[in-house]
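*Asks:* Only the shape, not the letters, is given here:
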Ligand code: PLP
């Protein structure tokens, strides 16, 4: 049976060029970038070049990039690190109720430590209002952390407007751009952010590597202690093989971002058109106009998410509930709860499909037709 992977927002396959680059690096570049001999210097040169390439992909400087083990660590580092370093200026943090758990749980940790966190609501399309941010802002706000694009429904947040709002305020502005990087053109200067998190495995790079952009001059308390790597912000020998893979993924992406984005928007429309053609009723969760190209989250009234996912899997189609799956059971999505309320039936009947490397029109068509069959079967 042909299997169709439509869960690229969860993770994506590595690009062949990434695998090639990583294999080469593994075979040849084993020196420690901190060593002063030629092996170390070679490794350092590669590391510096990778940092430069990655930094320029978001309009940043090389010294503003801190490599991390992925999006989670970058989010934790931004939130916990920035708050610890500026706790003398205030104890208030603003975030949204639809953030990834890497942000939400870090904020909850801060609440336990005595900080005051405001969780902003979102509208029915999953968007934070700039006016709400403005109203929540206090003199003692030290951090605002709002994601660039949501991982479950894909909605893009008004980051530039929030950036402008915060320009004259002491609060640092962090954005989790894990789902946006690689699909939207990002520039930290136009976005007006102080910190931005990215993860390589969402754009056909390896898992376990990411970065935090932290604007020059931002104070961050370190989360790990030891050597002086990453300008004393993250101790530990650099993961050069993965960083090289990440660099390659960024380079490939730079060449095909627009083409990819156009194709995924087409796939999204095609998927929904086929469902309509098959007379399957559904509702779109999120916004069609203001969302990342690769994510489409649909609610199928009269079905159930677990039954849908099992049936899709049996048909060879990998999709997702978009929310946390702990030990095989699906927890209600906090994102859909924030968008529609805890009693909405959308919470129990919504599926996220996400496109990426290797997705073809034929796959999208087959997946849409299979989805239609399953929905009809489940509705009896
Ligand atoms: N933030 C968002 C929006 C994500 O989608 C993810 C991954 O699903 C993460 C953070 C965590 O990234 P990582 O898996 O690299 O730790």
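*Replies:* All right, it came through fine. All of these numbers come straight from a predicted model, not from anything done at the bench.
*Asks:* is the ligand contacted by stretch 286-304?
*Replies:* No - under the criterion of CB under 6 Å from any ligand atom, stretch 286-304 makes no contact with the ligand; the nearest approach is 9.9 Å. No exception for glycine: its C-beta is placed from N, CA and C like everyone else's.
*Asks:* end-to-end on stretch 222-235?
*Replies:* Across its full length, stretch 222-235 reaches 8 Å between end residues, using CA to CA, to the nearest Å.
*Asks:* so how far is residue 221 from residue 84?
*Replies:* Using CB to CB, to the nearest Å, residue 84 is found at 4 Å from residue 221.
*Asks:* which residues touch residue 122?
*Replies:* Residue 122 makes contacts with 96, 97, 98, 128, 155, 338, 339, as judged by CB atoms under 8 Å, 6 or more residues apart in numbering.
*Asks:* which residues does residue 67 contact?
*Replies:* Listed by CB under 8 Å, 6+ apart, the contact partners of residue 67 are 51, 209, 210, 211, 230, 234, 238, 239, 243.
*Asks:* Give me the distance from the helix or strand it falls within to the chain's centre.
*Replies:* In the assignment (DSSP states H and E), residue 67 maps to strand 65-68. Using CA atoms, centre = their mean, to the nearest Å, we find the averaged C-alpha position of strand 65-68 to lie 15 Å away from the chain's own average C-alpha position.
*Asks:* List the buried residues of that strand.
*Replies:* Residues 65, 66, 67, 68 are the ones in strand 65-68 that count as buried (16 or more other CB atoms under 10 Å).
*Asks:* same question, stretch 373-380
*Replies:* For stretch 373-380, the buried set under the neighbour-count rule, 16+ other CB under 10 Å, comprises 374, 375.
*Asks:* again, but for stretch 118-132
*Replies:* So, applying 16+ other CB under 10 Å, buried residues of stretch 118-132: 118, 119, 120, 122, 125, 126, 127, 128, 129, 130, 132.
*Asks:* With stretch 250-263 instead?
*Replies:* Of the residues in stretch 250-263, those buried under the neighbour-count criterion (16+ other CB under 10 Å) are 250, 251, 252, 253, 257, 260, 261, 263.
*Asks:* what distance separates it from the middle of the whole chain?
*Replies:* On the basis of CA atoms, centre = their mean, stretch 250-263 sits 17 Å off its chain's mean C-alpha point.
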